[in-house]
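Undergrad: my questions concern the predicted model and sequence given below.
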Amino acid sequence: MWTFTRRSQVSPESETAKRAAEKSLQEAQARTPEADAQLSESRRVTEQLKAHNRANAYSDFIEGIVLGRLSDGRS
């Protein structure tokens, strides 16, 4: 039978990956003010786009009614 020995050395790649994961976790836990500001801005812009799209849909609806009535009058 072969005897297997454990490696006592850790590969540089795994150490690099471990440090990167720890740094990413610390940044996520810190929730920097810049990230919060960007998230708030993103949510605000999203809400503005939704409101704009609703207004456009309503405008298109009214335009359809008006044009429909105009075309009925010409017949």
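TA: Arrived safely, thanks for sending. Being a predicted model, the structure only gives us computed values, none of them experimental.
Undergrad: can we go C-alpha only for contacts and neighbour counts from here?
TA: Will do.
Undergrad: any idea how far the residue nearest the centre of the chain is from Pro12?
TA: Central residue of the chain (Cα atoms, centre = their mean): Ser42, 8.2 Å from the mean position. Counting by Cα to Cα, to the nearest Å, the separation of Ser42 from Pro12 is 38 Å.
Undergrad: ok, Gln29 next?
TA: Here Gln29 is placed at a distance of 26 Å from Pro12 (Cα to Cα).
Undergrad: beyond whatever helix or strand Lys18 lives in, next helix or strand please.
TA: When elements are assigned from DSSP states H and E, Lys18 belongs to helix 12-30. Heading C-terminal from helix 12-30, the first helix or strand you meet, by DSSP H and E, is helix 33-74.
Undergrad: how about low-confidence regions in the protein?
TA: 1-8, 10, 74-75 (pLDDT under 70).
Undergrad: okay, now Ser24: neighbour count?
TA: Here the number of neighbours of Ser24 (other Cα atoms under 10 Å) works out to 12.
Undergrad: also Gln29?
TA: Neighbours around Gln29, by other Cα under 10 Å: 9.
Undergrad: now do Ala35
TA: Other residues within reach of Ala35, judged by other Cα under 10 Å, total 13.
Undergrad: now do the helix holding Lys18: distance to the chain's middle.
TA: Relative to the centre of its chain, helix 12-30 is centred 22 Å away, using Cα atoms, centre = their mean, to the nearest Å.
Undergrad: can I get it in PDB? Just the C-alpha atoms.
TA: Extracted in PDB, the C-alpha atoms of helix 12-30 (Å, rounded to 0.1, in the frame of the first residue of the first chain):
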ATOM      1  CA  PRO A  12       0.300  30.400  -3.900                       C
ATOM      2  CA  GLU A  13      -2.900  30.400  -6.000                       C
ATOM      3  CA  SER A  14      -5.100  29.300  -3.100                       C
ATOM      4  CA  GLU A  15      -3.500  31.900  -0.900                       C
ATOM      5  CA  THR A  16      -4.200  34.600  -3.500                       C
ATOM      6  CA  ALA A  17      -7.800  33.400  -3.900                       C
ATOM      7  CA  LYS A  18      -8.300  33.300  -0.200                       C
ATOM      8  CA  ARG A  19      -7.000  36.900   0.200                       C
ATOM      9  CA  ALA A  20      -9.200  38.100  -2.600                       C
ATOM     10  CA  ALA A  21     -12.300  36.400  -1.100                       C
ATOM     11  CA  GLU A  22     -11.500  37.900   2.300                       C
ATOM     12  CA  LYS A  23     -11.100  41.400   0.800                       C
ATOM     13  CA  SER A  24     -14.300  41.100  -1.200                       C
ATOM     14  CA  LEU A  25     -16.200  40.000   2.000                       C
ATOM     15  CA  GLN A  26     -14.800  42.900   4.000                       C
ATOM     16  CA  GLU A  27     -15.800  45.300   1.300                       C
ATOM     17  CA  ALA A  28     -19.300  43.800   1.100                       C
ATOM     18  CA  GLN A  29     -19.600  44.000   4.900                       C
ATOM     19  CA  ALA A  30     -18.400  47.600   5.000                       C
END
